[in-house]
Structures are given as C-alpha cells and as structure tokens.
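>>> Sequence and predicted structure, then a few things I'm wondering about:
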Amino acid sequence: SSALWVERALASLLSAPHISFPKPPAGINLGPGPIDLFSTRFNNTFTSDAKGRVDGELVNRDALKEKLLALQSHYNPDTVKF
C-alpha cells in the first residue's frame with residue numbers, strides 16, 4: 001500500500017546520516033568526500049517539484065528537506081509510531 005511505502009521511505013530517510021560541509025573558498029577543490037546518505041535518499045524519494053504538508057503548513061521541496069532534517073534529530077526508530 002502507499003501508506004506502507006511512505007512509512008518505509010521516511011524511516012529510511014530519517015535514519016540516514018546527513019553530512020554537510022561549508023563551501024570551500026574560491027579556487028580550492030576538496031575532491032570527493034563522504035557520501036551524504038540523507039540527501040541521496042531525499043533526492044531519490046522526492047521529485048524536483050515535490051510539495052508537502054508539515055504541521056499544517058504547505059511547504060516546497062527545499063523546506064520539506066529542512067523540516068525532515070530538523071525532525072531527524074528527534075527520530076528514534078525504536079519508539080516511532082507511524
């Protein structure tokens with residue numbers, strides 16, 4: 001069912017590590033770094049025009065990602081109930 005798909009997608013996304021580096025100064029190339037699994041899973045799950053409703057507020061894709069990142073710090077797979 002679609003509800004089960006959403007549950008699994010969110011659980012996978014919220015349990016994925018998010019790695020963020022500040023942008024290096026101009027002219028400095030740091031090369032490849034660690035893979036940001038959160039962003040990879042988010043990009044593979046949500047289309048570029050995705051929208052969502054979070055706490056009653058309609059949000060665009062970028063805001064949805066920020067809201068999910070904020071939720072990630074409170075996510076506990078052992079106690080969550082979908």
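Yes, it's here.
>>> only C-alpha atoms for contact and neighbour calcs from this point on.
Noted.
>>> dump the residue contacts of Ser48.
Arg61 (CA atoms under 8 Å, 6 or more residues apart in numbering).
>>> how near is it to Leu4?
For Ser48, the distance to Leu4 (CA to CA, to the nearest Å) stands at 22 Å.
>>> Tell me the confidence at His34?
Just to correct that, residue 34 is Pro rather than His. What the model reports as pLDDT for Pro34 is 67.
>>> repeat for Leu14
pLDDT, read off for Leu14, is 94.
>>> Surely it is in contact with Val80?
No. Assessed by CA atoms under 8 Å, Leu14 is found out of contact with Val80, at 11.0 Å.
>>> So those two - more neighbours on which side?
Legend: neighbour count by other CA atoms under 10 Å for Leu14 and Val80, higher for Leu14 (23 against 9).
>>> Now do stretch 51-64, average pLDDT.
94.
>>> Mind listing residues that contact it?
Residues outside stretch 51-64 that contact it (CA under 8 Å, 6+ apart) are 46, 48-50, 67.
>>> repeat for stretch 28-36
With CA under 8 Å, 6+ apart as the test, stretch 28-36 has contacts from 17-20, 24.
>>> run the last query once more with 6 Å
18-19 (CA atoms under 6 Å, 6 or more residues apart in numbering).
>>> Show me which positions of that stretch end up buried.
In terms of neighbour count (16 or more other CA atoms under 10 Å), stretch 28-36 has no buried residues at all.
>>> First residue to last residue on that stretch, what's the distance there?
20 Å.
>>> Could you report the neighbour count for the closest residue to Phe82 other than its chain neighbours?
For Phe82, ignoring the flanking residues on the chain, the nearest one in space by CA to CA, 6 or more residues apart in numbering is Glu7 at 6.6 Å. Using other CA under 10 Å, Glu7 is surrounded by 13 other residues.
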